[in-house]
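Visitor: Have a look at this prediction, sequence included:
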Amino acid sequence: MKRLFCMGGILIFLIAGCSEPDPTPEQTLQTYMNYWENEEYSNMYNMITEDAKQTISSEEFTQAYSRVYEKLQLSELTLESPILEEEEQEERDEEVTEVYLPYKQSLNMITGTLQFEEHISFIRNDETNEWEVDWNYSLILPLLNAGDDIQVRYQMPERGEIFDRNGEELAINGQAYDIGLVPERMEGVEHETYAFLEEEFGLSEEFIEARLNQSWVQPDTFVPLISVRSDQGDYVEHLRLTVPGVSYLPFDTREYPLAEAAAHLTGYIGSIPEDQLEERLNEGYPEDGLIGRAGLEAVFEEQLRGEFGIEIAVINEEGQEKDLITRKDPIAGEDVHLTIDSTLQKRIVETFSEEDAGVAVAIHPKTGEVLSLVSSPMYDPNSFVIGFHSGEYESLEQNEQRPFTNRFTQSFAPGSSIKPITAAIALNEGLDPSEERTIQSHQWQPDDSAWGEYFVRRVTDPGHSIDLNSALMYSDNIYFAQIILELGTDAFTNGLNQFGFNETLPFPYGMRTSTFANEDISSELQLADTSYGQGEMLVNPLHLTLMYTAFMNEGNIVKPSIIQGEETSYWLEQVLTEEHSQLIDQSLQTVVEDSRGTAHSANMTHLPLAGKTGTTEYKLTQDDNGKETGWFVAYNSDNPELLLTLMIEEVEDRGGSSYVVPKMKEVFERTFSN
């Protein structure tokens, strides 16, 4: 028996020695926090006391955490707790049934970080001897009780404003006017007032009465109907004095003082598009936040937006605020100062008629500062903020000239305006500019070619041999086709790439990349067409303008800038030699000065210009009467300060590129008249 007893004693000892001790409160807290950080709410629920479980179900427990964290737009939860040394834990009296342990809670939200230092209570379960969490709602968020909810209130920061090089306002935090009715002021003459509003603004009687019949409207209530720009102050006051019942109220809004003149440049702000909402919420925007939707408002959104303010409050079941958990004040956005010249912008816009669809790009050829970007036809960006009048948006959207399209970001076939670049590439490859070529008639194709009925055609047959200078002056397609066919595809395309083709422009405003072919230049015929800006060549207007700066900067192309104060630098260096750049510059002066030049109508003795015209043809066969686009790239040749590209579509019945030339002349005359 004694032996059996000893064996039993040994067995009992071994079992006791191998069993693990019950987790301490500190270890239990660590387990609970791990579940918490990993959103394992059902496992958390299993660790709370039976008394706590009587107040909330597992599903409600999970929903409570999820709802609060979703409202906070929580991106990360971090929990920390100081761990007692084992000796300190062992010193705890085994009779202790409740322990309070400190922990730190850090909630990383898109709008910032919330940090709390709290305590959590653990109660020993008498039956299992395990420690359980004495849970209550404040463990989700301090100050939260059963039945409470949280309210997250965003405060819009003051958006940064946009100014031109002279401090003129382009996009500001301004005002507009709501025009509306006060019912008691038009008693007896309602229909006369309705008739006026329909004729003036396109507001139907049904629309007006629906607004006036809203439940909150009282006889003396101002009911807004339509909004107008801040420059309509005299007009709205006139309406108030002359039309019964009509009144107005000013309200704060984003304002674009240049209106249509800078529509595609400034762009506009608006509500967050549905397809961007999730991304923007993750960046800290509220659902009803406003962002730059187009133009510079979108390009410089990061600088302009500022930081949203936020208040997080505890709300009771009646919807009343109990406590303010935290508050973060909004931080205003940064102002943006541009190189744009508003006066020049408006001046260029004034040269476009209502029928002109086109684009204009103006830069300083020495510094690369962008002075003007115009796309025509235009729209009023203020309407995107304060609302379009009846039928206005539909009319713009259905306009065949596509006023919502930003043309200066697009790319187009440049026609003969690319010939100076073609000339530069040929000079780099050894072309003798003084070598004359004898070309007979108005059309040509290589001997023994497989071109069939296709010919390279030129507008002018001078009746004598021509060199590079006269080829640029006459804009001779045949000359340029011949020199590039002799040069070959590889040398020509390599030269185009050196001028920035197939390369992203170093410019914050996204511009389409210029290309010379959809894939490759695959035939002699396509190579010939490409030499004078046809074929599949597509060039962005800003890029075309920049390429011309090489002729004023010893063969270097300037880097474009639109932010004031940026250091002048070159984008592409030594795309041609200084000697060749001067030679082409002289030829471009001849294009304007010589009476036979294609741009001679822009000649001014007091203001010498240099430049190159171009007419792009869009048609299926050579014998078709297709659409034409007119180009003119020009600069003042004495101490160049302005380099301007103008392009106007559908000039086939208006003289081709010659329609554009006087518009260019007008801009330069008005700009340098003083």
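Guide: Received the coordinates, thanks. Numbers count the residues shown, from 1 in each chain.
Visitor: On the three-state scheme, residue 606 is what?
Guide: With DSSP: H, G, I helix; E, B strand; the rest coil as the basis, the three-state label of residue 606 is coil.
Visitor: In which helix or strand does residue 586 reside?
Guide: Take DSSP states H and E as the rule and residue 586 turns out to sit in helix 578-593.
Visitor: Which residues does that helix contact?
Guide: 420, 423-424, 427-428, 433, 468-469, 472-473, 475, 550-555, 576, 597-600, 602-603, 608-613, 634, 637 (C-beta atoms under 8 Å, 6 or more residues apart in numbering). Using the backbone N, CA and C atoms, a C-beta is placed for each residue, glycine as well.
Visitor: quick check: mean pLDDT across it?
Guide: The average pLDDT within helix 578-593 is 98.
Visitor: Do a quick rundown of the helices in the stretch 1-150 of the chain.
Guide: Per DSSP state H, counting those that start in this stretch, the stretch 1-150 of the chain carries helices over the ranges 2-18, 25-37, 41-46, 50-53, 58-71, 86-90.
Visitor: Give me the residue at the spatial middle of the protein.
Guide: The centre of the chain sits closest to residue 298, judged by C-alpha atoms, centre = their mean, with a distance of 2.9 Å.
Visitor: Wasn't that residue part of a helix?
Guide: Yes. Under three-state DSSP, residue 298 sits within a helix.
Visitor: Spatially, and excluding backbone neighbours, which residue is closest to it.
Guide: Closest residue to residue 298 apart from its sequence neighbours, by C-beta to C-beta, 6 or more residues apart in numbering: residue 292 at 3.8 Å.
Visitor: isn't the one you found right next to residue 301, touching?
Guide: Yes. Counting by C-beta atoms under 8 Å, residue 301 is a contact partner of residue 292 at 4.2 Å.
Visitor: Which one's more surrounded, the two?
Guide: A count of neighbours by other C-beta atoms under 10 Å puts residue 292 above the other of residue 292 and residue 301, at 22 against 19.
Visitor: secondary structure element for the more buried one?
Guide: Counting by DSSP H and E, residue 292 is part of strand 290-294.
Visitor: I would like the residues contacting that strand, please.
Guide: Contacts of strand 290-294 (C-beta under 8 Å, 6+ apart): 156, 159, 254, 264, 267-273, 276, 280, 285, 298-301, 304-305, 381, 384, 406.
Visitor: mind redoing it with 10 Å?
Guide: Contacts with strand 290-294, where a contact means C-beta atoms under 10 Å, 6 or more residues apart in numbering, come from 156, 159, 171, 254, 263-273, 276, 280, 283, 285, 297-302, 304-305, 381, 384-385, 404, 406.
Visitor: Break down the stretch 151-300 of the chain into its helices, ranges please.
Guide: 190-201, 205-212, 233-242, 263-266, 277-282, 295-299.
Visitor: These into TSV, with extra columns for mean pLDDT and distance to residue 491?
Guide: Below are these laid out as TSV (pLDDT from 0 to 100; distance: least, C-beta to C-beta, whole Å):
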stretch	mean pLDDT	distance to residue 491
helix 190-201	94	62
helix 205-212	95	66
helix 233-242	96	63
helix 263-266	98	37
helix 277-282	85	46
helix 295-299	97	37
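Visitor: As TSV, those helices with distance to residue 506 would be great.
Guide: Formatted as TSV, the helices of the stretch 151-300 of the chain follow (distance: least, C-beta to C-beta, whole Å):
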stretch	distance to residue 506
helix 190-201	46
helix 205-212	50
helix 233-242	43
helix 263-266	19
helix 277-282	26
helix 295-299	14
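Visitor: any idea which of the ones you listed is most buried?
Guide: helix 263-266 (a mean of 27; mean count of other C-beta atoms under 10 Å).
Visitor: elements contacting it?
Guide: With contacts defined as 3 or more C-beta pairs under 10 Å, 6 or more residues apart in numbering; DSSP states H and E, helix 263-266 has these neighbours: strand 169-181, strand 290-294, helix 295-299, helix 342-351, strand 370-376, helix 382-386.
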